[in-house]
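Engineer: only geometry, no sequence info:
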């Protein structure tokens, strides 16, 4: 009998024996009317404890009012300094953060001269990379038994140069670049159309007969490693951000992702660390379960692992790092604080153990500009809820409401601009978060579009576009260090064309692309006419490559001004490769002065 009572008490979870008997009868009769309302209310009464010291600490049990959020991240590893979710407690108190001071350990540049655009680009994709492409492209054609004339490193450099021009000067069809009426002479003179398509179709970076099954992007890994190695050498700015980048691609690929808020929602995702200037310092190509994450960091969740792995790029204390709510979490902010990194970003409430913030409905009744702040009991994290057109929640380990500012917003009710108070965390987040978006914008201006089902071509030339944008920003920074006037700094379009011109012409021999059988008829005499345009001084890369620079007499009636900047004489001697007039006589040897390496 005692055993039966114990079992009944355990199953019904009731300690009072009389209640056990009553509930048993109710369950047998299937009638709950025997339980009076008075007894029911007594059992569920809440005991009110007296007020005590520390009553501002809140153990929240409220429901999460944010829709569309993901599940909480995993618990931090045992023995870690991060606080377990169940131990996170909040209090209605303004933060008392002391942000880490930034210590710049970057070696200042003592550059007295600026490199050429091609030299900046070669730092990202060196000549050795084109040599490897040559080897594997020829190997692939041989393995497939194709009728393919072996290519060379110089020919592949021309191919990449032409692709860069295509991204800058866009025609609706590739064939038009070789068209007799609207074609571009650079394309016609440097490579035939059929050879261009043949090289593009057989372009390979690795030996595909020995695949690396652990790396889903092994076919393009060498060029991305080359670009990343240059990114890792750059000095890091104080303010950086982490965000996602999409390489547009809608074909069949198992690592293809969809992101509805991106301009190109379908494609291959890249997690990237950028400064506010838009320059990339590190990146991770997402490939599902085989993404190269540190296993120790994955214990904090994949989104946190992305930030922690990219933040290894910081060697100085006091960097400011911003990210959106896909990455942000309570433990991530704690860990970054332990690494002396000031971090902030938008937040998903369910990653912060249901903090006791006012509901969206309550906040809307208080009007635009209302903000609320709570701080964790350990003092590591602050949450701020701000009301604008909609409610925004941000979390940080060094910022809160702090000093409020005012911004102008359009009011539909009054049909006029109104001033809305803005917390400091919102203002700092908006100014520091745009680095990756700026990089995406710069790439999209002159993206090398390829209408192909091969994802490898999309990825290869995305790496080229990324290298050019990074090189251009690096070039601009060096020019500003030298206090160069802005009118003398190349914009992105001209920088791309200079890189393309270097790849197409520097170190190349002047070949004859005329096809068909040689004609037995004597060549027609050239018609002497006035020059249609002024001679343009070639780039330094082209002048000093020491290949095929031959002097010739122009047979013109009148001499032409020498293009050496230190010479004011006229001459009939012209360089066949540079297409400029240069003095070459006993008294003046401008031809040698212009072409020798300084």
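Structural biologist: Structure received. What you are looking at is a predicted structure, and each value in this text was computed from that prediction instead of being measured.

Engineer: How about the contacts made by residue 475?
Structural biologist: 114-115, 117, 120, 490, 495 (Cβ atoms under 8 Å, 6 or more residues apart in numbering). For glycine as for every other residue, the C-beta is placed from the backbone atoms N, C-alpha and C.

Engineer: That one sits in which helix or strand?
Structural biologist: Here residue 475 sits within helix 455-481, counting by DSSP states H and E.

Engineer: So which bits of the helix or strand following that helix are buried?
Structural biologist: Under the assignment DSSP H and E, the closest C-terminal helix or strand after helix 455-481 is helix 492-505. Within helix 492-505, the residues that count as buried by 16 or more other Cβ atoms under 10 Å are 492, 495-505.

Engineer: Format those residues as JSON lines; extra columns: pLDDT.
Structural biologist: Putting the buried residues of helix 492-505 into JSON lines (pLDDT from 0 to 100) gives the following:
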{"residue": "492", "pLDDT": "95"}
{"residue": "495", "pLDDT": "96"}
{"residue": "496", "pLDDT": "96"}
{"residue": "497", "pLDDT": "95"}
{"residue": "498", "pLDDT": "94"}
{"residue": "499", "pLDDT": "95"}
{"residue": "500", "pLDDT": "94"}
{"residue": "501", "pLDDT": "93"}
{"residue": "502", "pLDDT": "92"}
{"residue": "503", "pLDDT": "93"}
{"residue": "504", "pLDDT": "92"}
{"residue": "505", "pLDDT": "89"}
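
Engineer: Mind putting the residues you listed into TSV with distance to residue 140?
Structural biologist: Shown next, in TSV, are those (distance: Cβ to Cβ, whole Å):
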residue	distance to residue 140
492	33
495	32
496	28
497	30
498	31
499	26
500	25
501	29
502	27
503	22
504	24
505	27
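
Engineer: Can you list the low-confidence ranges for the stretch 51-200 of the chain?
Structural biologist: Low-confidence segments of the stretch 51-200 of the chain (pLDDT under 70): 51-81, 105-112.

Engineer: ok, now with 90
Structural biologist: By pLDDT under 90, the low-scoring segments of the stretch 51-200 of the chain are 51-90, 92-115, 144-147, 180-183, 189.

Engineer: Just the strands from it, written as ranges.
Structural biologist: Secondary structure of the stretch 51-200 of the chain by DSSP state E, counting those that start in this stretch: the strands cover 57-58, 90-91.

Engineer: How about the stretch 251-400 of the chain?
Structural biologist: 256-258, 266-275, 280-285, 320-323, 342-346, 371-376, 382-387, 391-396.

Engineer: Could you verify my assumption that residue 141 touches residue 201?
Structural biologist: No: between residue 141 and residue 201 there is no contact under Cβ atoms under 8 Å: 9.4 Å.

Engineer: higher neighbour count, these two?
Structural biologist: Each of residue 141 and residue 201 has its neighbours counted (other Cβ atoms under 10 Å); residue 141 has more, 20 against 15.

Engineer: Pull the contacting residues for that one.
Structural biologist: 148, 150, 202.

Engineer: to the chain's geometric centre, what's the distance from the helix holding residue 475?
Structural biologist: Relative to its chain's centre, helix 455-481 lies at 11 Å (Cα atoms, centre = their mean, to the nearest Å).

Engineer: Now do the buried residues in that helix.
Structural biologist: Buried-residue list, helix 455-481, by 16+ other Cβ under 10 Å: 455-476, 478-479.

Engineer: now the angle from that helix to strand 266-275?
Structural biologist: 20 degrees (axes from the mean of the first three to the mean of the last three Cα atoms, to 10 degrees).

Engineer: hang on, the earlier thing: distance to residue 545 added to the contacts of residue 475, as a markdown table?
Structural biologist: Compiled in a markdown table, the contacts of residue 475 are given as follows (distance: Cβ to Cβ, whole Å):
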| residue | distance to residue 545 |
| --- | --- |
| 114 | 19 |
| 115 | 15 |
| 117 | 15 |
| 120 | 17 |
| 490 | 20 |
| 495 | 19 |
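
Engineer: Going through those residues, which ones are buried?
Structural biologist: 114-115, 117, 120, 495.

Engineer: Got the domain ranges for this structure?
Structural biologist: Residue ranges for the domains of the chain, per the TED database: 85-109+349-425, 115-324+433-509, 540-595.

Engineer: Reformat those domains as a markdown table; add distance to residue 343.
Structural biologist: Below are the domains of the chain laid out as a markdown table (distance: least, Cβ to Cβ, whole Å):
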| stretch | distance to residue 343 |
| --- | --- |
| domain 85-109+349-425 | 5 |
| domain 115-324+433-509 | 5 |
| domain 540-595 | 42 |
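
Engineer: can you count the residues close to residue 547?
Structural biologist: Residue 547: 14 surrounding residues under other Cβ under 10 Å.
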